[in-house]
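Visitor: I need the structure of the sequence given here:
(one chain, ligands or ions: 1)
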Amino acid sequence: MNETRETIRLTVEGRRKLTPTITEFTLVPKDGRTLPSYDPGAHVTVQTPSGAKRRYSLVGPGEQPGRYVIAVKKEPQSRGGSQSMHDGAMEGIELLVETPENEFPLKDAQKYLLIAGGIGVTPIYAMARHLADRGKPFELIYCTRSAEDAAYLGEMTAEYGDRLLVHHDDGDPEKIYDFWDHFAEPQNMHVYCCGPKPLMEEIKAISGHWPEGRVNFEDFKPIDVVRSDDVAFDVKLAKSGTTVTVPANRSILEAVRDSGVPTVSSCESGTCGTCKTRLVSGDADHRDMVLMNEEKDAHIMICVSRARSGDLVIDL
Ligand code: FES
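Guide: The predicted structure follows:
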């Protein structure tokens with residue numbers, strides 16, 4: 001997990017099915033103490049029962065909370081993160097959770113437009129609650145495939161009434177919501193958007209003429225590839241028989257690539273799984289968000305992971 005954040009052990013106190021694919025988890029400390037506070041838009045990194053780490057936005061009020069509430073969508077192509085939460089994070093189980101971070105903070109503004117698509121509703125709902133509690137003017141647009149797929153729809157309809165505009169597209173690209181009227185003229189308000197990539201790309205495309213900083217997106221940053229306390233180590237490439245030195249400020253992937261050995265990669269931030277390589281021997285410091293616990297003895301994601309001590313031998 002992130003080197004600078006405290007990791008706490010939380011128990012799954014409750015699970016609530018919000019939609020056929022989205023489940024809410026309530027996480028509490030064993031001793032009942034207060035958890036670190038957070039502002040709306042914050043997320044926690046959770047080590048799921050499979051060992052894969054995932055970031056989830058916090059839904060509940062963040063002042064001296066006694067619990068953290070997250071909602072997890074079961075992704076059909078999940079490689080152990082969301083699937084593992086749904087199948088393994090049962091009531092009573094303990095999870096390692098990093099203290100909250102916020103890369104999507106609400107700035108002070110006169111007026112707000114909140115836009116949520118699908119599971120992107122989690123930080124947006126936290127923002128709406130925060131603004132409503134403080135009497136700040138906002139409108140909320142919530143787009144999902146259908147009412148059945150819309151987490152927290154009942155609560156938000158009851159709480160926000162005509163400030164909430166709900167749109168269902170039945171999964172039909174022809175029926176997606178037309179945001180243009182909201183963005184044609186730059187307005188004196190701040191926009192916060194979280195949802196699937198196509199939704200965020202659409203809003204980015206139609207808001208290019210708005211002043212900088214007015215339109216904000218929840219875009220989880222990739223994990224740090226190298227850290228300030230990293231040191232150099234050697235990696236022996238079992239197939240080619242060569243040894244490559246990985247400098248303190250380079251990844252294994254970069255060092256191997258620099259040596260002329262072909263590599264495959266995509267995200268280069270430990271999230272996609274493309275660079276998975278067999279670990280022949282060595283003590284690896286796994287920093288990816290992909291590998292399950294049972295894979296970690298024999299595999300390494302070379303775009304982010306390093307040696308914990310000594311050298312590594314990998315199957316390249
Ligand atoms: S390239 Fe995506 S996990 Fe390494």
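
Visitor: ok, which stretches of the chain are helices?
Guide: Assigned by DSSP state H, the helices in the chain fall at 82-88, 121-133, 153-160, 180-183, 197-206, 252-258.

Visitor: Dump those to JSON lines, plus distance to T243.
Guide: Where you see a C-beta, it was placed from the backbone N, CA and C, and this is true even at glycine. Shown next, in JSON lines, are the helices of the chain (distance: least, C-beta to C-beta, whole Å):
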{"stretch": "helix 82-88", "distance to T243": "36"}
{"stretch": "helix 121-133", "distance to T243": "46"}
{"stretch": "helix 153-160", "distance to T243": "57"}
{"stretch": "helix 180-183", "distance to T243": "55"}
{"stretch": "helix 197-206", "distance to T243": "40"}
{"stretch": "helix 252-258", "distance to T243": "11"}
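
Visitor: now, of those, which is deepest in the fold?
Guide: Ranked by mean neighbour count, these are led by helix 121-133 with a mean of 23 (mean count of other C-beta atoms under 10 Å).

Visitor: relative to helix 153-160, how tilted is that helix?
Guide: Angular relation of helix 121-133 and helix 153-160 on a 0 to 180 degree scale: 20 degrees, by axes from the mean of the first three to the mean of the last three C-alpha atoms, to 10 degrees.

Visitor: what's in contact with helix 121-133?
Guide: 39-43, 56-62, 70-71, 104, 106, 112, 114-116, 137-138, 140, 142, 150-152, 155-156, 159-160, 192, 194, 218 (C-beta atoms under 8 Å, 6 or more residues apart in numbering).

Visitor: Next, the contact list for the closest residue to E91 other than its chain neighbours, please.
Guide: Distances taken as C-beta to C-beta, 6 or more residues apart in numbering place V12 nearest to E91, at 5.4 Å, with adjacent residues excluded. V12 sits next to 25-27, 89-95 when contact means C-beta under 8 Å, 6+ apart.

Visitor: Same check on A151?
Guide: Counting by C-beta under 8 Å, 6+ apart, A151 makes contact with 18-19, 22, 24, 71, 119, 121-122.

Visitor: Not counting its neighbours along the chain, what's nearest it?
Guide: Nearest one to A151, counting by C-beta to C-beta, 6+ apart, is L18 at 4.0 Å.

Visitor: Now the one you found, what are its backbone angles?
Guide: When read as degrees, to the nearest 10, the backbone of L18 gives phi -90, psi -40.

Visitor: Quick check, pLDDT for it.
Guide: What the model reports as pLDDT for L18 is 98.

Visitor: List the residues that contact it.
Guide: Taking C-beta under 8 Å, 6+ apart, we find L18 in contact with 24, 71, 151-152.

Visitor: Which of these sits closest to the ligand?
Guide: The nearest member of the contacts of L18 to the ligand, counting by C-beta to the nearest ligand atom, is A71 at 25.1 Å.

Visitor: thinking again about what came up before, from the contacts of helix 121-133, which are also near the ligand?
Guide: Applying C-beta under 6 Å from any ligand atom to the contacts of helix 121-133, one finds that nothing falls near the ligand.

Visitor: Poorly predicted segments of the stretch 51-200 of the chain, please.
Guide: 76-80 (pLDDT under 70).
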